[in-house]
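1. from the sequence below, what's the structure:
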Amino acid sequence: MPGRLPLRAKLMYASSSFGGEALTQSRSLWLLYFYTEANDYLSPFAVGTIITVARLLETVDDGLIGYWSDRTRSRLGRRIPFILAATPFWALFGFLLFTPPTSGGAATAAYLFIVLELYFLASTLSGGPYEALLPEIAPSSAERVAITGMRVYFGAAGAAFGLVVTSIVKDNAGFTAMAALVAIVALTFRYLGLAGAWPYASRTQPPAKLRLGEALRTTFSNRAFLCFLPAFALFQLGFQVLLGALPFLVEAVLGPEDEGAWVAALSAVAVGTMVVLIPVAGLVAKRTTKRYAYRVSLLAAALLFPLLAFAGFLPGIPVEAQLVGAMVLAGLPIAGNYLFPAPLIADIIDDDSLRTGLRREATYYGAQNFVEKTTSALAPLVLGILLELGRSADDPLGVRLAGPVAGLLVLAGFLAFRGYDLPDDVLGGRPEEARRESG
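-> A predicted model of the protein is given here:
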């Protein structure tokens, strides 16, 4: 049985969330804007369609790579070889997304599609096995929760970097410098996290010898998993629609001057609100259950996201104050939606181990990512369609609808999650299952 994970290793492993969130959030915030408003390379609908098609084609990678990782046998174990090889390409293609050719619309569209596909593939090869390390290096529930909390804080800091710092760098040094900075940050923190997990990753866990079809059938027949997936995926979809609309909302409400600075400030407000609320969300879960606290977070997001549509419309209140207030309200439920999915999916994996006798972390993370990416692939398309309805100060209808649409999506996820009924400690009196991983 492995000893308790030292604090240094926990912090190092969790720190990867800083780089991952910095890269993900900066891409979500600026990619559509870069190719449309900033450079007029392509229409919002064209960019949204390209991103959606690229994402949908890439989603099949998650399940296959997770299955491959669970079945891998090497002297470095089942996860480390994937992370070592794929991480540099993940960072490189993240940078290249913001360096398209300027020879014409067709060439730019082809470039965006190809680089996106390569970026998504490298992200899955590095990120899927990295996520699957969590139950492997931390077999106890208490350690998983502790590491998840650390990951949330590192992720919040990374999101702030990706949303706030990149806005400032973009305004002062341009998109290329911004993309290079984020790529370096992502590469550095992923390898730092791997260094923390390296001594504790299992080299002896037997491969999960299930055929692909059987593995997928078993995974997607887990009732708790089927309740969790829509909630997780639809929140991500709604949140990405809301986030992508933010630069357009600022420009429509305040005008184009200092647009980057205001996006940075409003993003900082949302992230700061989330960070403050993380202990509150944890306390609610401690006094009730994780599933109850997650339900509250989902319902709050469904009710509060639509309020962003009214920013700037209220008489007698400065427009800037209305935007800040709307972002505070939108940031309140984000804490729980960042804090609880990782512990919940770990509980689902433990439930599967009781049913099958196998540890199949990467398969579950791959299946989760497949559904989440398939759903989130619709975000640029949904936003592109909304923006075609109006994205200017004179015609802001599409921008105003982003909040209500995001709220409806999260509400659908909340309704799906109501059937989830796993206890907080799935393994209960069978702690040997929690450390089966280490062999």
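2. quick check: R78 touching S69?
-> Yes - counting by Cβ atoms under 8 Å, S69 is a contact partner of R78 at 5.5 Å. Where C-beta positions appear, they are placed from N, C-alpha and C, glycine not excepted.
3. identify the contacts common to these two.
-> Between them, R78 and S69 share these contacting residues under Cβ atoms under 8 Å, 6 or more residues apart in numbering: P129, A132, A362.
4. okay, now A157: neighbour count?
-> Residues near A157, counting by other Cβ atoms under 10 Å, number 17.
5. now the one 3 residues further on
-> In terms of burial, A160 registers 23 neighbours under the definition other Cβ under 10 Å.
6. same check on L254?
-> A count of nearby residues for L254, using other Cβ under 10 Å, gives 16.
7. let me know the pLDDT of L422.
-> You'll see L422 listed with a pLDDT of 88.
8. next, work out how far apart the nearest residue to it once chain neighbours are set aside and A122 are.
-> Once flanking residues are discounted, L422 sits nearest to A224: 4.8 Å by Cβ to Cβ, 6 or more residues apart in numbering. Distance, A224 to A122, using Cβ to Cβ, to the nearest Å: 31 Å.
9. am I right that F220 is in contact with L226?
-> Yes - at 7.0 Å, F220 counts as touching L226 under the criterion of Cβ under 8 Å.
10. neighbour count winner among these two?
-> L226 (16 against 13).
11. who's in contact with the more buried one?
-> By Cβ under 8 Å, 6+ apart, the neighbours of L226 are F220.
12. hmm, back to that, neighbours around the residue nearest to L422, how many?
-> For A224, the count of nearby residues is 19 (other Cβ under 10 Å).
13. who's in contact with it?
-> Taking Cβ under 8 Å, 6+ apart as the test, what A224 contacts is D347, I348, D351, Y420, D421, L422.
14. in what helix or strand does the third one lie?
-> When you say that, I think you mean D351. For D351, the host element (DSSP states H and E) is helix 341-356.
15. which strands and helices lie in contact with that helix?
-> Judged by 3 or more Cβ pairs under 8 Å, 6 or more residues apart in numbering; DSSP states H and E, the packing partners of helix 341-356 are helix 105-137, helix 141-160, helix 212-219, helix 223-254, helix 290-304, helix 361-376.
16. could I get it in PDB with only the CA atoms?
-> The C-alpha coordinates for helix 341-356 follow below in PDB (Å, rounded to 0.1, in the frame of the first residue of the first chain):
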ATOM      1  CA  PRO A 341     -17.000  17.100 -11.300                       C
ATOM      2  CA  ALA A 342     -13.600  15.600 -10.600                       C
ATOM      3  CA  PRO A 343     -14.600  14.000  -7.200                       C
ATOM      4  CA  LEU A 344     -17.800  12.900  -8.800                       C
ATOM      5  CA  ILE A 345     -16.200  11.100 -11.700                       C
ATOM      6  CA  ALA A 346     -13.700   9.500  -9.300                       C
ATOM      7  CA  ASP A 347     -16.700   8.100  -7.400                       C
ATOM      8  CA  ILE A 348     -18.100   6.800 -10.600                       C
ATOM      9  CA  ILE A 349     -14.800   5.100 -11.500                       C
ATOM     10  CA  ASP A 350     -14.800   3.500  -8.000                       C
ATOM     11  CA  ASP A 351     -18.300   2.300  -8.600                       C
ATOM     12  CA  ASP A 352     -17.200   0.700 -11.900                       C
ATOM     13  CA  SER A 353     -14.300  -1.000 -10.200                       C
ATOM     14  CA  LEU A 354     -16.700  -2.700  -7.800                       C
ATOM     15  CA  ARG A 355     -18.800  -3.900 -10.800                       C
ATOM     16  CA  THR A 356     -15.900  -5.100 -13.100                       C
END
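17. next, the buried residues of that helix.
-> By 16 or more other Cβ atoms under 10 Å, the buried positions in helix 341-356 come out as 341-353, 356.
18. done for today, thanks.
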